[in-house]
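Visitor: Here is a sequence with its predicted model. Questions after.
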Amino acid sequence: MDLRLDRFLCELNIGTRSQVKAFIRQGIVAVGGVPAKDPNQRIDELSDRVTFRGKPLEYRRYVYYMMNKPEGVVSATRDNVSRTVVSLLGKDAREDIFPVGRLDKDVTGFLLLTNDGDLAHRLLAPRRHVDKTYLAVLAHSLGQPEIRRLEAGVDIGEERPTLPARVELLTEDDGRKEDKAVRDNKILLTLHEGKFHQVKRMLQAVGNEVVGLQRVAFGGLRLDPKLGPGEYRELTEEELAILRESCTEV
């Protein structure tokens, strides 16, 4: 695979397109030890030795970040009004990075950001049924009849009911399951699909309301508890393998 030199530099966050073109004109970008002159020069990003101000640049084709999305930030690459999750990457931002799926502006928690389009497509494909787990704070507690309806699938106004979900009841003090209607108003809800506003619509369908929502797990990975709102880290090789396995068709 080859890449245009200016795009290569932009993807490594060396600067904007106009800035990297200026750097090339200044002679501070070299390919194979020879100062580059043409921003359109084609390079092999994996084998050509590219330096910027004498320092070698290392290119990685794909990157994978786990982010704890904060409230008030939109799951997009660009927005004219609000901050985006990609903007939170700071120096690690690249032109080709995007969020895998979306969390509503008021929803927090696990969001995957990558530039691996093939993996993103597989994770989001409806037929893959990749698990997504949410911690939902409800307007009032759920009873067993409502739980059974959620676990069987409910009508949210679309052609078909939702796929069966998994509901875990939480108590305020120790997080253990209860056999009867909980006095607490928190649940863990695991979905195997990703419809628009699905968690909120499912709870509305059983006469409840979501007042707080956090995604705590995605594709077999749990949100790292060390990540504060807006913080992120790269996935480990082991985590990436788990993520890939979660979207492998049987």
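Guide: Here it is on my side, so go on. Numbers count the residues shown, from 1 in each chain.

Visitor: Correct me if wrong: residue 195 contacts residue 165.
Guide: No: in this structure, residue 195 is not within contact of residue 165 by CB atoms under 8 Å, at 11.5 Å. Placement of C-beta: from N, CA and C, glycine included.

Visitor: So which residue is dead centre in the chain?
Guide: In the chain, the centroid-proximal residue (CA atoms, centre = their mean) is residue 112; its distance is 2.2 Å.

Visitor: Let me know the secondary structure of it.
Guide: Counting by DSSP: H, G, I helix; E, B strand; the rest coil, the backbone at residue 112 sits in strand.

Visitor: so residue 239 is in which element?
Guide: Using DSSP states H and E, residue 239 sits within helix 237-246.

Visitor: which parts of that helix are buried?
Guide: For helix 237-246, the neighbour count (16 or more other CB atoms under 10 Å) marks 239-240, 243, 246 as buried.

Visitor: Check which helices and strands it sits against.
Guide: Applying 3 or more CB pairs under 8 Å, 6 or more residues apart in numbering; DSSP states H and E, we find helix 237-246 packed against strand 64-69, helix 117-124, strand 221-222.

Visitor: can you pull out the helices in this structure?
Guide: Under the criterion DSSP state H, the chain contains helices at 5-11, 17-25, 117-124, 144-152, 198-205, 237-246.

Visitor: Most tightly packed of these?
Guide: Of all the helices of the chain, helix 5-11 carries the top mean neighbour count, a mean of 22, counting by mean count of other CB atoms under 10 Å.

Visitor: And the pLDDT at residue 34?
Guide: Looking at residue 34, its pLDDT is 95.

Visitor: whoops, residue 46 was the one
Guide: pLDDT, residue 46: 82.

Visitor: What are the contacting residues of the longest strand seen in the chain?
Guide: Counting by DSSP state E, the longest strand found in the chain is strand 210-218. By CB atoms under 8 Å, 6 or more residues apart in numbering, the residues outside strand 210-218 that reach it are 69, 103-104, 106-112, 130-139, 188, 190, 199-200, 203, 222-223.

Visitor: Contact partners for the residue nearest to the residue nearest to the centre of the chain when sequence neighbours are not counted?
Guide: Spatial nearest neighbour of residue 112, chain neighbours left out: residue 100 (4.3 Å); criterion: CB to CB, 6 or more residues apart in numbering. Applying CB under 8 Å, 6+ apart to residue 100 gives the contacts 111-114, 119-120, 123-124.

Visitor: among the residues you listed, which two are most distant?
Guide: Based on CB to CB, the longest span within the contacts of residue 100 runs between 111 and 119 and measures 14.4 Å.

Visitor: Contact partners for residue 25?
Guide: residue 37.

Visitor: Quick check: it vs residue 35, distance?
Guide: 10 Å (CB to CB, to the nearest Å).

Visitor: Look up how far residue 210 lies from residue 104.
Guide: Residue 104 is 10 Å from residue 210, by CB to CB.

Visitor: who has more neighbours, those two?
Guide: residue 210 (21 against 15; other CB atoms under 10 Å).

Visitor: need the contact list for the residue of the chain positioned farthest from its centre.
Guide: What lies farthest from the middle of the chain is residue 34; by CA atoms, centre = their mean that is 39.2 Å. Taking CB under 8 Å, 6+ apart as the definition of contact, residue 34 has no neighbours.
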